[in-house]
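In: Compute the structure for the input listed below.
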Amino acid sequence: MDNERLPHRSRSWVHSYLTRLAWSDAVIVVFAVVLAQLVRFGADDVLVPNGATRVPAGVVSVALGAAWLISLRAFQTVDRRVIGSGSQEYSRVLSASLTVFGALAMMDLLFRLNIARGFLALAFPLGTLGLLSSRWLWRRRLSRQRILSHNLERVLVVGSSASASPVIERLIEKPELGFQVVGLCVPSGRQHGGPVVVKDLRVPIVGTFDDVYLAVRESGATTVAVTSAEALGHQAMQALSWDLEGLDVDMVVSPGVTDVAGPRMMVRPVAGLPLLHIDKPRYEGANKFLKAAVDRIGAVVILLALAPIFVAIAVAVKLDSSGPVFYRATRVGINNKPFKMWKFRSMVVNADQLKAELRAVDEGAGLLFKLRDDPRVTRVGSFIRRYSLDELPQLLNVLGGTMSLVGPRPPLSSEVEQYDGRVARRMLVKPGMTGLWQVSGRSDLSWEESVRLDLSYVENWSIMQDALILWKTVYAVFAKEGAY
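Out: The predicted model follows:
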């Protein structure tokens, strides 16, 4: 009996976490609506009739708050399958907010309700930004707890060593996702030979495919991850899912593809078989237009906001060493078209000529040339590179359409010439000022990991993912992670 209760006890944190999320959502929505009402109508005009329907402002506020909270629940924003990682949680919060205010705007237009637009114009951005910020803060707290081995999902992996190892390796590399591998069930006859070692983690073999139910009870697993579905068989998979229903244990199946995001995948039943349909990456159409619009508008806003810093850096570069303020480096853009990338000059004028002399002490990964203490870097250059300020002029490239705010790292021509067919896919979208590589370690990443992140972005890019990367970039820059 004790073993049967283990999964429930180890997952008790989920309910309390979701409850806190729901309450924080309610507090933020109420705060946004009340503040908007006080600013627009004042504290004494709560019962004053408003609009063509002559409904009191207080009633409008209550109705808006209730509709907003109902919409958040309808869009499953507290679904435990999306909390803690990925962009789905933020996407659902944003979609729920847009739906409420979009519906209200259409009703106001169609029925000429004339509800105070100033009230809505304040409540919507204030509440939406508050909801997104709250979710981010809760996620940061959860990630820190998981790194300290709290609030973990205990994972029992079912599959051969060959299929299980890549999954286990990814889970080990991302402790903030909260997955602790507690054991491995392998095909019959292969349970001997000791534990499987993945990245210095010894994963014990706790049985065969026939022992999964018993292994779940004994290990206290809260999630069963199947990596060899074809070896397990359809009937055994169905029987296992039935067995796990009474244990409050999730069952997930690895589809055998990596770095493909959920929006591109859909399960379609065909002749009673669940087949995984993977859509092609979408680089054209409305998504491309929307991304271009966000890039241009964002570049203009950032340039205007940072204009004083822009001027100060230009003066400092000019006074620090002889030479031009800007450095225009040749990079390769979308569809292998070369372009000139703007940067503040951070090195001596003849840095390119000195590069050949420093090849022997190159610290870069793969095709990248990097030196932690590069003698070519000027005093001002060292500072602006530490905080990525030398890259601010790339906003001019974004305005010109050769770069995006978010995208793969802009490569050199010499790098592109050595790309194989797989790596060349990163040239299907515009290079970016920042990207997954920027928020995941920058120069500290291996070449293989940099390529994997770039390809993952190219295969799955979306506006919400871009927004998350931009948000994380601010933290990465101030933390100076991997910058040299």
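
In: Tell me the helix or strand right after the lowest-mean-pLDDT helix or strand in the chain.
Out: The least trusted helix or strand in the chain, going by mean pLDDT, DSSP states H and E, turns out to be helix 2-10, with a mean of 42. Going down the chain from helix 2-10, the next helix or strand is helix 12-40, by DSSP states H and E.

In: So which bits of that next one are buried?
Out: Buried residues in helix 12-40, defined by neighbour count with 16 or more other Cβ atoms under 10 Å: 13-14, 17, 21, 24-25, 28-30, 32-33, 36-37, 40. Just so you know, the C-beta spots here come from the backbone N, C-alpha and C atoms, and that holds for glycine as well.

In: gap between it and the chain center?
Out: 23 Å (Cα atoms, centre = their mean, to the nearest Å).

In: do the same with stretch 92-112
Out: So, by Cα atoms, centre = their mean, the centroid of stretch 92-112 is 27 Å from its chain's centroid.

In: So which bits of that stretch are buried?
Out: R92, V93, L94, S95, A96, S97, T99, V100, F101, L104, D108.

In: Can you give me the domain assignment for this structure?
Out: Residue ranges for each domain of the chain read 2-147, 153-256, 285-479, as given by automatic domain parsing.

In: Would you convert those into TSV that also reports distance to V267?
Out: As requested, the domains of the chain are exported to TSV (distance: least, Cβ to Cβ, whole Å):
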stretch	distance to V267
domain 2-147	14
domain 153-256	9
domain 285-479	18
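
In: The stretch 101-250 of the chain: strands as residue ranges?
Out: Ranges of strands within the stretch 101-250 of the chain are 153-158, 179-186, 196-198, 201-203, 205-208, 223-226, 250-253, based on DSSP state E, counting those that start in this stretch.

In: Give me the contact list for the longest one.
Out: I take that to be strand 179-186. By Cβ atoms under 8 Å, 6 or more residues apart in numbering, the residues outside strand 179-186 that reach it are 149, 152-161, 164, 168, 171-172, 196, 201, 203-209, 211-212, 215, 219-221, 223.

In: any idea of the pLDDT on V206?
Out: pLDDT recorded at V206 is 90.

In: got the contact list for it?
Out: Residues counted as contacts of V206 (Cβ under 8 Å, 6+ apart) are L156, V182, G183, L184, C185, A215, E218, S219.

In: if you set the cut-off to 6 Å instead, what comes out?
Out: G183, A215 (Cβ atoms under 6 Å, 6 or more residues apart in numbering).

In: Kindly report the same for S228.
Out: Contacts for S228 (Cβ under 6 Å, 6+ apart) come out as G159, S160, S163.

In: What of S143?
Out: Contacts of S143 by Cβ under 6 Å, 6+ apart are E176.

In: Kindly recompute the last result at 8 Å.
Out: S143 neighbours (Cβ under 8 Å, 6+ apart): G84, E176, G178.

In: Kindly report the same for L436.
Out: L453, D454, S456, Y457, I469.

In: go on, V332?
Out: P338, F339, P410, P411, L412, S413, E415, V416, M427, P431.

In: looking at the sheet around it, what are its partners?
Out: P338 (DSSP bridges).

In: Look up how far V416 lies from it.
Out: 5 Å (Cβ to Cβ, to the nearest Å).

In: Now do the shared contacts for these two.
Out: M427.

In: quick one: which of the contacts of S228 is nearest to F289?
Out: Taking Cβ to Cβ as the measure, F289 sits nearest to S163 out of the contacts of S228, at 40.4 Å.

In: and that closest one, how many neighbours?
Out: For S163, the count of nearby residues is 19 (other Cβ atoms under 10 Å).

In: Which pLDDT does the model give it?
Out: Looking at S163, its pLDDT reads 87.

In: Who are the contact partners of the nearest residue to it once chain neighbours are set aside?
Out: Distance criterion Cβ to Cβ, 6 or more residues apart in numbering; nearest residue to S163, sequence neighbours excluded, is T227 at 4.1 Å. By Cβ under 8 Å, 6+ apart, the residues touching T227 are V157, V158, G159, S160, S163, A164, V167, S254.

In: tell me the contacts of the second one?
Out: Translated: V158. A164, L184, C185, F209, V212, V224, A225, V226, T227, S228, L232, L240.

In: between those residues, which is closest to L247?
Out: Looking across the contacts of V158 and measuring by Cβ to Cβ, the closest to L247 is V224, at 9.5 Å.

In: contacting residues for the closest one?
Out: Per Cβ under 8 Å, 6+ apart, neighbours of V224: V155, L156, V158, V212, V216, L240, L244, V249, D250, M251, V252.
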